[in-house]
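>>> Need the 3D shape of this:
(one chain, ligands or ions: 1)
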Amino acid sequence: MPRGTKSQPASQMVRKTNRPNPSQIQGLDLSVDLAPNNPHHLHLTNPVMIASGTFGYDGYGRGITGDMDLGELGAVIPKTFTHLPREGNPEPRWHPTSYREAWDAGDILFLNAIGLTNPGIEAGLVDVTPSWDRWNATCILSFASDSVKQFGDMAAMANQGTGFQGIELNLSCPNVEDGSLFGHSANLTAQAVAAVRKNTDRPILAKLAPNVPNIIEIARAAVDGGADAISIGNTIPAMHIDTKTRQPVLGNVTGGLSGPGLRPISLALVYQVSNAVDIPIIGIGGIFSGEHAAEYILAGASAVQIGSANLVGLSAPWRILSELKDWMSHSGLSNLKGLRI
Ligand SMILES: Cc1cc2nc3c(=O)[nH]c(=O)nc-3n(C[C@H](O)[C@H](O)[C@H](O)COP(=O)(O)O)c2cc1C
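Sure, this is the predicted structure:
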């Protein structure tokens, strides 16, 4: 894994009367605290994060090269761990199989059904997370559970772990007791977050499922459970059938829609929730440019996560961060605070 150098904290912007070349602008303040109510805080130097499951080719950073300085990004969220190891879904797990070619061809239908392939949290905390310290980046552990109790147990295990500064709860996972997704129930969301809160004082991001009738109810439940921030959101259930083969394109038949099609949906959810809760919101879904990131910030997000854009090109988050800075400069902004429409 590459060793990154942590970038210096941004200093105060000096406002200039003549608009300078954006790429030369120094001193923009993009810093954000994603856990202002938590004594540990979660200070990021900028709001551009890598979304869980899309970091490198395997979700844990494979393919990230030494020239990609992870310390320059706001934070990295490697792939979700579950309690036990998981092999994942049958192939094919991706549509399109080459995101790069599809993107170049203008095909923007991004589906996946990976099935949370991972080594399990026990092995993860021993063999995987300690090496994250070498990146000199802010790292966030993501986990998903089968039950409220298991959420609490995993938090207790994670509390002993190293290599990460916060925890993101992937609530798009089924509760074994009734088969419903945690993120589809306000009650289960509150209980899962509270079970984690009980066993750790590290910052908690609650990552919500977007396909719910009332996202505000779920977001408020996450706040009640003790979440420090809310991530919106995960993929939306979707499928695609190849009419030539007359077969579904995913081995699992159905999967999750990510990418550009998700952006306006997720953006509206961020906007709704930002009106209803007063903890930071992290916008996720179809962010492929700095302007897309700016759109989420205008909708009320404090930070953004880049997912599918990484699958088109691993350097996407650095480009998006640079474009966001350009947008700030062109807009005469020295920081990103108080921009909500
Ligand atoms: C290939 C792939 C794997 C993913 N794996 C995870 C995961 O392990 N945990 C998780 O919380 N979200 C996972 N996601 C969802 C993303 O983190 C993100 O929420 C979603 O893709 C929407 O963002 P995007 O449109 O920028 O891709 C995955 C998405 C993709 C495309």
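>>> And the pLDDT for Gly255?
According to the prediction, Gly255 has pLDDT 96.
>>> How many residues are close by the residue nearest to Ala316 when sequence neighbours are not counted?
Computed as C-beta to C-beta, 6 or more residues apart in numbering, the closest residue to Ala316 that is not its neighbour in sequence is Ala309, at 3.8 Å. For every residue, glycine as well, the C-beta is placed using N, CA and C. Residues near Ala309, counting by other C-beta atoms under 10 Å, number 27.
>>> surely Ala309 meets Leu321?
No - using C-beta atoms under 8 Å as the test, Ala309 is too far from Leu321 to be in contact (11.7 Å).
>>> returning to that earlier point: pretty sure the residue nearest to Ala316 belongs to a strand, no?
No - assessed with DSSP: H, G, I helix; E, B strand; the rest coil, Ala309 is helix; it does not lie in a strand.
>>> The residue in the stretch 151-300 of the chain positioned nearest to the ligand: how many residues sit nearby?
Residue nearest to the ligand within the stretch 151-300 of the chain: Ser258 (3.2 Å; C-beta to the nearest ligand atom). By other C-beta under 10 Å, the residues close to Ser258 number 27.
>>> Same question for the one 10 residues further on.
Taking other C-beta under 10 Å as the neighbour definition, Ala268 ends up with a count of 14.
>>> Nearest spatial neighbour of it, chain-adjacent residues omitted?
Using C-beta to C-beta, 6+ apart, the closest residue to Ala268 is Ala299 (7.9 Å).
>>> Check that neighbour and give its pLDDT.
98.
>>> Bridged to the residue of the stretch 151-300 of the chain closest to the ligand, which residues?
Beta-bridge pairing for Ser258 (DSSP bridges): Phe110.
>>> What separation is there between the residue nearest to Ala268 and Asn234?
18 Å (C-beta to C-beta, to the nearest Å).
>>> Give the residue from those two that has the larger number of neighbours.
Taking neighbours as other C-beta under 10 Å, Ala299 and Asn234 compare with Asn234 leading, 27 against 23.
>>> just checking, that one touches Gly183?
Yes - under the criterion of C-beta under 8 Å, Asn234 makes contact with Gly183 at 7.3 Å.
>>> Common neighbours of the two, please.
171-172, 207-209 (C-beta atoms under 8 Å, 6 or more residues apart in numbering).
>>> Any regions of this protein where pLDDT drops low?
Filtered on pLDDT under 70, the chain yields the residue ranges 1-26.
>>> Quick check: the residue of it nearest the ligand.
For the chain, C-beta to the nearest ligand atom, closest residue to the ligand: Gly53, 1.8 Å.
>>> need the contact list for that residue.
Per C-beta under 8 Å, 6+ apart, neighbours of Gly53: 59, 79-80, 114, 307.
>>> With Ser258 as the reference, measure out to it.
In terms of C-beta to C-beta, Gly53 sits 9 Å off from Ser258.
>>> now Leu250
Relative to Ser258, and taking C-beta to C-beta, Leu250 is found at 13 Å.
>>> same thing with His95?
11 Å.
>>> Overlap in contacts, these two.
110-112.
>>> Run a quick neighbour tally on the nearest residue to Arg86 once chain neighbours are set aside.
What sits nearest to Arg86 in space, not counting adjacent residues and going by C-beta to C-beta, 6+ apart, is Leu116, at 5.1 Å. Residues near Leu116, counting by other C-beta under 10 Å, number 21.
>>> For the stretch 151-300 of the chain, just list every one of the helices.
186-199, 215-225, 263-276, 290-299 (DSSP state H, counting those that start in this stretch).
>>> Include distance to Val126 when you put those helices into TSV, please.
Formatted as TSV, the helices of the stretch 151-300 of the chain follow (distance: least, C-beta to C-beta, whole Å):
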stretch	distance to Val126
helix 186-199	19
helix 215-225	28
helix 263-276	34
helix 290-299	35
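>>> Mind checking the ones you listed for the one nearest to Thr65?
Checking the helices of the stretch 151-300 of the chain against Thr65 by C-beta to C-beta gives helix 290-299 as the closest, at 22.1 Å.
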